[in-house]
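1. Sequence plus predicted model, see below.
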Number of protein chains: 2
Amino acid sequence: MPQPSRKAAAKRQPNRPRIAPPAKARLGRPSQAPRATSAVLVYETLHEDIIALRIQPGASLSENDLASRYGVSRTPVREALLRLADEGLVEIVPKSGTTVSRIPYAQLNEAIVIRKALEEVAVREASRRATKSQITGLWSLVERQREAAKADDRKGFHAADEAFHAAIAEAAGYPGIWQLVNQVKVQVDRIRHLTLPEGGRMLRVTKEHAAVLTAMEKRDAERAIAAMRSHLDGLDHSLPDIRRRNPDFFVDEAGVFLLPGPAGRKTSSQ
Amino acid sequence: MPQPSRKAAAKRQPNRPRIAPPAKARLGRPSQAPRATSAVLVYETLHEDIIALRIQPGASLSENDLASRYGVSRTPVREALLRLADEGLVEIVPKSGTTVSRIPYAQLNEAIVIRKALEEVAVREASRRATKSQITGLWSLVERQREAAKADDRKGFHAADEAFHAAIAEAAGYPGIWQLVNQVKVQVDRIRHLTLPEGGRMLRVTKEHAAVLTAMEKRDAERAIAAMRSHLDGLDHSLPDIRRRNPDFFVDEAGVFLLPGPAGRKTSSQ
DNA sequence: CAGCCATATCTTGCATACAAGATATGGAAA
DNA sequence: TTTCCATATCTTGTATGCAAGATATGGCTG
């Protein structure tokens, strides 16, 4: 049924196919200049709160509650929730309710594998194509990380970390790769906030970045790829432990636990 | 400003963090059971029409027009358009209008590169992990493709083609990879409808699939990867020619042509 | 006391009305 | 005729009200 019913269609016939202004380029998710609407503000706030676990996995959201919290109507709230649902951060059950998604444990490994594959391509191409100034800029990011690490500034460290990976994708000429990585790693990002502040982690990560960059600078793509890969390997070791400490935040797999009984019987689960 | 103004918040205090039913797993885009709302129907129809170029790049859409065409209100139409905007298929200019995106030519190469990287991982892992039955299922898909090719059934051929790639990701244990690939290749998909029906293409593609599968069957991951890579290489050769024949459907790069003049002066572009 | 059922309440989905900005149009002035 | 500007019209963004279904609650029946 491609062409829909022209029910009450004949309204504005001119239907001018006016040649629209040229499009903005986009590959994955966000635009360079996101529309500055209330809906976007609500979306960004909720997104951050969910990623930072300020809203716990499994918590129930209500469009009405959120609307009054943010001082807007349900419409922009709903728009934000729909985007979050597309990202897998919330789950909307039609006439029932909306909840913050639990972290799908079984998909974390896949997300990490995908990230490795994408960043491997980025590092390979960046090793070939990065300009002198781009290399310099990357070194400055590493330095900024080192400073943040010494100052124990976790937030600044993480910002520089992300900027480093983004800059590599940029230098590779594939900025969309970082957009994709960002999209894929949302669930993994939530876990970051469950890790205990481990002592030398930040300095270790900084050294790993420096190793990647050193190889890139020598145009040694294979070595850079290997360094990046072992860098990204650092993610998945602590997963089982984290889950053990926060079992309620995770789900195993696309889990329809038990379907509702045949005749509305309530099995009184949980 | 993470925590918003608690303006008129105190309404329903209980705020029970009722333990929601376990979540459905999800990685990239679509869910297994998309909500069957009008908005989803509108979205799917528009999505197909845009991918199939039944709606041309650059055409202007209007929420009101679409609403009357589909016999619904603006709300579900708007919801559909927002999703399409996230995918990069339409562009919404706040108080001005919505248009079907032109194909961002400069990003096509990146999309193909990303697809190669992702499918390479899938093929490698599928070569290792695919079960006998999965291999058999893949052969049946190849066979179905062969039949469609001989019957000159382009639609059926394409369906089997997609199913083949999806099945490889499935066999690899990384179904999310195919979801991601599907998301990344939307713009490339639109181009497919601009290619001239070239004679032996379908049979050639079928043979390439068979080559991939033969190597997978022998657990020869490297050979399977190479076959898949050369298979996917077949995409980008005809791009320049296609663009030459349909220049209006493309844009070069994030093109903000000219910003509006400093004092509201209209520069009367075009 | 246990189990069941009617009902109240809350949820999201959709329709509609209004607001504010952007664009196109037409006429007035040079 | 050309230029410019006021205005009408169309656009999307938001608020609000209603509808329909799902859930929880409380009382009733056994």
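-> Noted; the coordinates are in hand.
2. my read: residue A:206 touches residue A:142, true?
-> Yes. Between residue A:206 and residue A:142 there is a contact under Cβ atoms under 8 Å: 6.4 Å. Quick note: C-beta positions are derived from backbone N, CA and C, even for glycine.
3. more neighbours, those two?
-> Using other Cβ atoms under 10 Å in any protein chain shown, the more surrounded residue of residue A:206 and residue A:142 is residue A:206, with 24 against 20.
4. Show me what secondary structure element comes after the helix ranked longest in chain A.
-> Of all segments of type helix in chain A, defined using DSSP state H, the longest is helix A:105-129. Going down the chain from helix A:105-129, the next helix or strand is helix A:132-150, by DSSP states H and E.
5. what distance separates that next one from the centre of its chain?
-> Distance of helix A:132-150 from its chain centroid, counting by Cα atoms, centre = their mean, to the nearest Å, is 23 Å.
6. what angle sits between it and helix A:105-129?
-> 140 degrees (axes from the mean of the first three to the mean of the last three Cα atoms, to 10 degrees).
7. buried stuff in helix A:132-150?
-> A:134-135, A:137-138, A:141-142, A:144-146, A:148-149 (16 or more other Cβ atoms under 10 Å in any protein chain shown).
8. Residues contacting that helix, please?
-> Helix A:132-150 is contacted by residues A:126, A:130, A:153-154, A:156-157, A:160-161, A:163-164, A:167-168, A:170-171, A:202-203, A:205-206, A:209-210, A:213, A:216-217 when judged by Cβ atoms under 8 Å, 6 or more residues apart in numbering or on different chains.
9. For it, what does the pLDDT average out to?
-> For helix A:132-150, mean pLDDT rounds to 97.
10. Name the residues of the stretch 51-200 of chain A found near DNA strand C, please.
-> Counting by Cβ under 7 Å from any atom of the strand, the stretch 51-200 of chain A comes close to DNA strand C at A:61-65, A:74-75, A:78, A:92-98.
11. and which of the residues you listed is nearest chain B?
-> residue A:94 (5.5 Å; Cβ to the nearest Cβ).
12. Hmm, residue B:37 and that closest one touching each other?
-> Yes. The pair residue A:94 / residue B:37 is scored as a contact, 7.1 Å apart, by Cβ under 8 Å.
13. the more surrounded of those two?
-> When residue A:94 and residue B:37 are compared on other Cβ under 10 Å, the one with more neighbours turns out to be residue B:37, at 14 against 8.
14. Would you mind measuring from the closest residue to DNA strand D within the stretch 51-200 of chain A to residue A:227?
-> DNA strand D sits closest to residue A:73 of the stretch 51-200 of chain A, with a gap of 3.0 Å, by Cβ to the nearest atom of the strand. As judged by Cβ to Cβ, to the nearest Å, residue A:73 and residue A:227 stand 50 Å apart.
15. Those two: who's more crowded?
-> residue A:227 (21 against 13).
16. measure residue A:173 to residue A:61 for me?
-> To residue A:61, residue A:173 is 40 Å away according to Cβ to Cβ.
17. Compare these two (neighbour count), which wins?
-> Shown here are residue A:173 and residue A:61; by other Cβ under 10 Å, residue A:61 has more neighbours (21 against 18).
18. in the longest helix of chain A, what counts as buried?
-> For helix A:105-129, using 16+ other Cβ under 10 Å, the buried residues are A:105, A:107-108, A:110-127.
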